[in-house]
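Peer 1: task: produce atomic coordinates for the following.
(2 chains)
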Amino acid sequence: MKYAILIHEPKSDFDKREGPEAPEYWAGWQAYTEAIRESGVMTGGAALQPPETATTVRISDGVREVQDGPFADSKEQFGGFYLIDVDSLDEAVEWAARCPASATGSVEVRPVLEMDD
Amino acid sequence: MRTAYGRLVSYLSARTRDLAAAEDALSEGLVQALRAWPRDGVPRDPVAWLATAARRRSTDDHRRHERERRLCDQFANVRQPTAGDSPPDERVSLLLACAHPTTPEDVHGPLMLQATLGLPVDRIAAAYLVAPGTLARRLSRAKAKLREAAVPFEIPDVERLPERLQPVLDAVHTAFTLGWEGCGEPDSVALVQESIWLTRSVVERLPDEPEPRGLLALLLHSNARRGARRGNDGGFVPLGQQDCRLWDHEQIDEAEGHLRHAASLRRPGPLQTMAAIQSVHADRRRTGRTDWQAVLELYDHAVQTTPTVGVVVGRAAALVALGREPDAVAALESLPTERVSTHQPYWVIRSAALAPVDPADAYRARQRAIGLTTDPAVRSFLAQYTGSGD
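Peer 2: You can find the predicted model right below:
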């Protein structure tokens, strides 16, 4: 079964990407990514640049808006995702618990909607 | 209330064999209590009051469904407790039913925690790291299965007792380990204490069964080290580096007592062996050193009877401590890859075993261990060795 592991990080985590805490921050992600890949369950994923680099487009009341920044100003922002293929939701939840962001932000597990060709 | 809850559920379900109905009836009783007690004062024997209310409640709720009617009849036959005559303590038979072989293993522990302690599903789900919705479905399926199979709520005869007891002990052991790993959080501490309390119930009810005593000794030994496994900075402190003065010596002494009693019954078992290993570690408080040779011999024995991944990895750790790294690597490599790919301790010990011979491979194994760790304190501890990411 295919799941997406969606990573939501607080601003303090995005701030760690550069500066004195960067090596420790990245080491955690590197270890997690290697473990998930070596275990043979990872099918895809991406890490994203920080939320301030985002551009959001929406049409509201027929008027198009283009805005700098993420779609919503919330405490935690989307930071990246992993796609995994595992036997059960239990396994997927276990992978979410191992994710470094589970200690600082939140990690969401969502089943992938399978499309028929 | 904790003791009372399990007692009441076991009392109400003992004859009806219907856990779900007993829990429903009891929660109705509790609702009544919340209304009546502030008004009329707390009754002299609250447990008996609740039992009566729950029993009456299940009789009142009559004729809605066929199943419920049948249950009402069964509840009506339950002997009515009077003040001072608390319901019989059928906790152990309830535990045996919860861990009945007709239900899948992964539901045994959650069912026990729900039925005997009344822990809410979301807390059990957090401890077992499963989605609450999934767990709720598993629990109701298991209860339906127990009802359909008419699993008796009783203690089986001597010949069948050990095989029926095993899943109970396994489930309690797992609950303890989960609580232990989620160190620090109030829910985990509660889970640890509840597991010890459940094991104690089994030991009190079946004092001459050696394995429950083995488990109790094992849990007490681990729990005795609670105060020593976190440093002042909140960092993880592995067993070998713990200050034994911070151990709870009373719990260690109690553990040793149970282990001696178990040994005197002359029926060895895997839990007694595991407890004996912890006993060797605890002896450091007296001798100032760990007798790794003794640990290894106990693991040699354990590997022959119960060659689980955990036991093989534990034995490899003893080999590393004795400077026999190549033997440790060989032992670890005897395990099939699919059984170790997500087993965090395997990668920790593999890294230690490879360190003197193949530092690059040791580094990779440690990275893998870090990636598989859920406890942030353990993650930081492991990262210190790798020099964080270079």
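
Peer 1: now the phi/psi pair for the residue of the stretch 201-350 of chain B at minimum distance from chain A, please.
Peer 2: Closest contact between the stretch 201-350 of chain B and chain A, by Cβ to the nearest Cβ, is at residue B:341 (4.6 Å). Using the backbone N, CA and C atoms, a C-beta is placed for each residue, glycine as well. Residue B:341 adopts backbone torsions of phi -60, psi -30, taken as degrees, to the nearest 10.

Peer 1: count of residues packed around it?
Peer 2: 16 (other Cβ atoms under 10 Å in any protein chain shown).

Peer 1: can you pull the contacts of it?
Peer 2: Residue B:341 makes contact with A:38-40, according to Cβ atoms under 8 Å, 6 or more residues apart in numbering or on different chains.

Peer 1: closest to chain B out of these?
Peer 2: For these, the residue nearest chain B by Cβ to the nearest Cβ is residue A:39; the value is 4.6 Å.

Peer 1: tell me who's in contact with the closest one.
Peer 2: Neighbouring residues of residue A:39 by Cβ under 8 Å, 6+ apart: B:341-342.

Peer 1: neighbours around residue B:238, how many?
Peer 2: 10.

Peer 1: pull up the gap between it and residue B:319, please.
Peer 2: As judged by Cβ to Cβ, to the nearest Å, residue B:238 and residue B:319 stand 17 Å apart.

Peer 1: sorry, back to before: so which of the contacts of residue B:341 sit within helices?
Peer 2: Among the contacts of residue B:341, DSSP state H puts residue A:38 in helices.

Peer 1: what bits of the stretch 1-150 of chain B have low per-residue confidence?
Peer 2: By pLDDT under 70, the low-scoring segments of the stretch 1-150 of chain B are B:1-4, B:7, B:14-17, B:38, B:55-89.

Peer 1: who in it is up against chain A?
Peer 2: When proximity is defined as Cβ under 8 Å from any Cβ of the partner chain, the stretch 1-150 of chain B approaches chain A at B:129-131, B:134.

Peer 1: just give me the closest of those residues to residue B:370.
Peer 2: Closest approach between the residues of the stretch 1-150 of chain B next to chain A and residue B:370, by Cβ to Cβ: residue B:129, at 18.3 Å.

Peer 1: quick one, what contacts the closest one?
Peer 2: The contact partners of residue B:129, by Cβ under 8 Å, 6+ apart, come to A:90, A:93-94, A:97, B:178, B:374.

Peer 1: now residue B:140
Peer 2: Neighbours of residue B:140 in contact, by Cβ under 8 Å, 6+ apart: residue B:20.

Peer 1: helix, strand or coil: sort out it for me.
Peer 2: Following DSSP: H, G, I helix; E, B strand; the rest coil, we place residue B:140 in the helix state.

Peer 1: distance of the closest residue to residue B:329 other than its chain neighbours relative to chain A?
Peer 2: Leaving aside its sequence neighbours, residue B:329 sits nearest to residue B:353 (Cβ to Cβ, 6 or more residues apart in numbering or on different chains; 4.8 Å). Residue B:353 sits 18 Å away from chain A, going by Cβ to the nearest Cβ, to the nearest Å.

Peer 1: what score does residue B:353 have for pLDDT?
Peer 2: Residue B:353 carries a pLDDT value of 97.

Peer 1: that one: how many residues sit nearby?
Peer 2: When counting by other Cβ under 10 Å, one arrives at 27 neighbours for residue B:353.

Peer 1: kindly report the same for the one 3 residues further on.
Peer 2: When neighbours are defined as other Cβ under 10 Å, residue B:356 has 12 of them.

Peer 1: for the residue nearest to it when sequence neighbours are not counted, give me the pLDDT.
Peer 2: Among residues not flanking residue B:356 along the chain, residue B:325 sits closest, at 5.5 Å (Cβ to Cβ, 6+ apart). Looking at residue B:325, its pLDDT is 97.

Peer 1: can you tell me which residues contact residue B:364?
Peer 2: By Cβ under 8 Å, 6+ apart, the contact list for residue B:364 reads residue A:34.

Peer 1: ramachandran coordinates for the residue of chain A found nearest chain B?
Peer 2: Among the residues of chain A, residue A:35 lies closest to chain B, at 2.6 Å counting by Cβ to the nearest Cβ. Backbone torsions for residue A:35, taken as degrees, to the nearest 10, come to phi -60, psi -40.

Peer 1: neighbours around the spatially closest residue to it that is not a sequence neighbour, how many?
Peer 2: Once flanking residues are discounted, residue A:35 sits nearest to residue B:371: 2.6 Å by Cβ to Cβ, 6+ apart. Around residue B:371 sit 28 other residues, with neighbours defined as other Cβ under 10 Å.

Peer 1: hmm, back to that, may I see the ChimeraX selection of the buried members of the contacts of residue B:129?
Peer 2: Entered in ChimeraX, the line below selects the buried ones among the contacts of residue B:129, by 16 or more other Cβ atoms under 10 Å in any protein chain shown:
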select /A:93,94,97 /B:178,374
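
Peer 1: can you redo the contacts of residue B:129 as JSON lines with secondary structure and distance to residue B:197?
Peer 2: Converted to JSON lines, the contacts of residue B:129 look like this (DSSP: H, G, I helix; E, B strand; the rest coil; distance: Cβ to Cβ, whole Å):
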{"residue": "A:90", "secondary structure": "helix", "distance to residue B:197": "27"}
{"residue": "A:93", "secondary structure": "helix", "distance to residue B:197": "28"}
{"residue": "A:94", "secondary structure": "helix", "distance to residue B:197": "27"}
{"residue": "A:97", "secondary structure": "helix", "distance to residue B:197": "26"}
{"residue": "B:178", "secondary structure": "helix", "distance to residue B:197": "15"}
{"residue": "B:374", "secondary structure": "coil", "distance to residue B:197": "25"}
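
Peer 1: what is the lowest-pLDDT residue among the contacts of residue B:129?
Peer 2: Minimum confidence in the contacts of residue B:129 sits at residue B:178, scoring 85.
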